[in-house]
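Chemist: Give me the fold of what follows.
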Amino acid sequence: MTLHELLRDCVTHDASDLHLAPGQPPCLRIHGILTPQTQRGIMTPQIIDALAEELMRGFDRDGLKRTGSVDGALTAPDGSRFRFNVFRRQNLLGVALRKLEERFRSLSELGLPDHLYHLCDLPDGLVVVCGPTGAGKSTTLATLLDRVNQSRRCHMITIEDPIEYIHKPAQSLVSQRQIGADASSFNDALVASLRQDPDVILVGEIRDLNTIRTAITAAETGHLVFTTVHAGDTVGAIERLVSVFPADEQPGIRRQLAMVLKAIIAQHLLVADGPAAVKTVNGQTTRRGRVAVSEVLTVTGAVANLIATGKSNQIYSSLETGTGVGMQTLEADLARLWVGNLISENTALTMARNPGIVRDRAALLRKPQPRAGVR
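Modeler: Coordinates of the predicted model:
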């Protein structure tokens, strides 16, 4: 059993992830469900060790000793690209691989509003994409950065662990740096990037105090910074960024965030279990695996004031009334997917913060609209 064969299985079955664990058959995550590939047999520790060695070739293997895991990315012989993590588990190795998109998709293909492209034209500020692991945050950022690359003459620096999407210079000069190979940490790479004449900076993830502080400083000093945060919704992302700091620093950080934050996009991937997710064309039935649901917060003057004064709970009201400036609530997008038959009622209501709002929004969307000139 070769690594190439396993990666080909992942592509053939349109799987998002491949898991290799000792004593188990390879498992593919197909449409969100782990599916054992029993025809491939059981993965022995020796097989996994050999595959791990192949994956880690050219990467910092000492990470296994220091932290118990090694991150990286590779391109398969067929051109497909994968992110991998080799990790220790009870003195044996395990491997998790995620299939990356083979091309840069448009925002509409990702299920996101097209007006978000305006974020790529901002001269400075902080743009955050949040959501759980596997929600497509990196894919969304890759789409936005590709628009920058195709439309702006600027220097774009990406700081990633690992580098997932390769941006070949188009209009922009692109410098992609990988943690472990090109820099020791996100913060060190970010501090150094400020001396490299950047216009646009991608920080793969900000999770520690120093990196958050440096990212805010970069946004304050005339750079456009894109990054990701693990949070469930837009307001949660704000609180996540602030909560990392000591209590006595938090009021000041709120004021800084209020000045530099431009937008937050929160996204989740849901199993497409609605009737429209299944299509039959010429006798061939296909199923759409997952769909994205998103929430968009645009930082207006009113929202900035709520952030600065610590009144985050009131931001939800601004989201509800902010459609005119490009805002979108999670409930509104769930209603759209439900009415469009891409997800079921149960999925929409289970995901919602307030199921009643989803029902109300869905009823409005289903209500017949008056024809022009008819009263």
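Chemist: same question for stretch 207-226, mean pLDDT?
Modeler: For stretch 207-226, the mean pLDDT works out to 95.
Chemist: before we move on, what about stretch 16-23?
Modeler: 94.
Chemist: next one: that stretch to chain centre, how far?
Modeler: On the basis of CA atoms, centre = their mean, to the nearest Å, stretch 16-23 sits 22 Å off its chain's mean C-alpha point.
Chemist: can you tell me which residues contact residue 171?
Modeler: 149, 150, 151, 152, 153, 154 (CB atoms under 8 Å, 6 or more residues apart in numbering). No exception for glycine: its C-beta is placed from N, CA and C like everyone else's.
Chemist: Surely the first one forms part of a helix?
Modeler: Translated: residue 149. Yes: Residue 149: assigned to a helix according to DSSP: H, G, I helix; E, B strand; the rest coil.
Chemist: who touches the helix or strand hosting residue 320?
Modeler: Applying DSSP states H and E as the criterion places residue 320 in helix 315-321. Outside of helix 315-321, the residues within contact range by CB under 8 Å, 6+ apart are 234-235, 238, 295, 297, 300, 302-303, 306-307, 327-329.
Chemist: Now, those that are in helices?
Modeler: Residues from the contacts of helix 315-321 lying in helices, with DSSP state H as the criterion: 234, 235, 238, 302, 303, 306, 307.
Chemist: Of those residues, just the buried ones, PyMOL syntax please.
Modeler: Selecting only the buried entries of the ones in helices among the contacts of helix 315-321 in PyMOL, with 16 or more other CB atoms under 10 Å as the criterion:
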select buried, resi 234+235+238+303+306+307
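Chemist: Turn the ones in helices among the contacts of helix 315-321 into a markdown table, columns for distance to residue 192 and pLDDT.
Modeler: A markdown table is the format used below for the ones in helices among the contacts of helix 315-321 (distance: CB to CB, whole Å; pLDDT from 0 to 100):
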| residue | distance to residue 192 | pLDDT |
| --- | --- | --- |
| 234 | 30 | 96 |
| 235 | 32 | 96 |
| 238 | 27 | 96 |
| 302 | 37 | 96 |
| 303 | 32 | 97 |
| 306 | 34 | 97 |
| 307 | 29 | 97 |
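Chemist: how about the helices in the chain?
Modeler: Using DSSP H, helices in the chain cover 3-12, 45-56, 63-66, 107-110, 137-151, 186-193, 209-220, 234-243, 250-260, 301-308, 315-321, 330-339, 345-351, 355-366.
Chemist: mind checking which of those is nearest residue 124?
Modeler: For residue 124, the closest of these is helix 209-220, at 6.1 Å, according to CB to CB.
Chemist: between the contacts of residue 171, which is closest to residue 168?
Modeler: Nearest to residue 168, judged by CB to CB, of the contacts of residue 171 is residue 149 at 8.1 Å.
Chemist: tally of neighbours for the closest one?
Modeler: 21 (other CB atoms under 10 Å).
Chemist: who's in contact with it?
Modeler: 156, 167, 169, 170, 171, 172, 174.
Chemist: how close does the third one sit to residue 160?
Modeler: From residue 169 over to residue 160 the distance is 17 Å, taken as CB to CB, to the nearest Å.
Chemist: How confident was the prediction at the closest residue in space to residue 4 that isn't next to it in sequence?
Modeler: Leaving aside its chain neighbours, residue 4 sits nearest to residue 77 (5.9 Å; criterion: CB to CB, 6 or more residues apart in numbering). Per-residue pLDDT puts residue 77 at 86.
Chemist: circling back to that earlier point, and the contacts of residue 171, which is closest to residue 91?
Modeler: residue 149 (44.0 Å).
Chemist: Could you measure from that closest one over to residue 125?
Modeler: From residue 149 to residue 125 the distance is 18 Å (CB to CB).
Chemist: just residue 51 next, same as before
Modeler: From residue 51 to residue 125 the distance is 43 Å (CB to CB).
Chemist: ok, residue 49 touching residue 93?
Modeler: Yes: counting by CB atoms under 8 Å, residue 49 touches residue 93, with 5.9 Å between them.
Chemist: Looking at these two, which is more packed in?
Modeler: residue 93 (21 against 14).
Chemist: Name all residues that make contact with the more buried one.
Modeler: Counting by CB under 8 Å, 6+ apart, residue 93 has contacts 22, 45, 48, 49, 52, 86, 87.
Chemist: So among these, which ones count as buried?
Modeler: 22, 48, 52, 86, 87.
Chemist: What separation do you get for the second one and residue 10?
Modeler: In this case it means residue 48. 16 Å.
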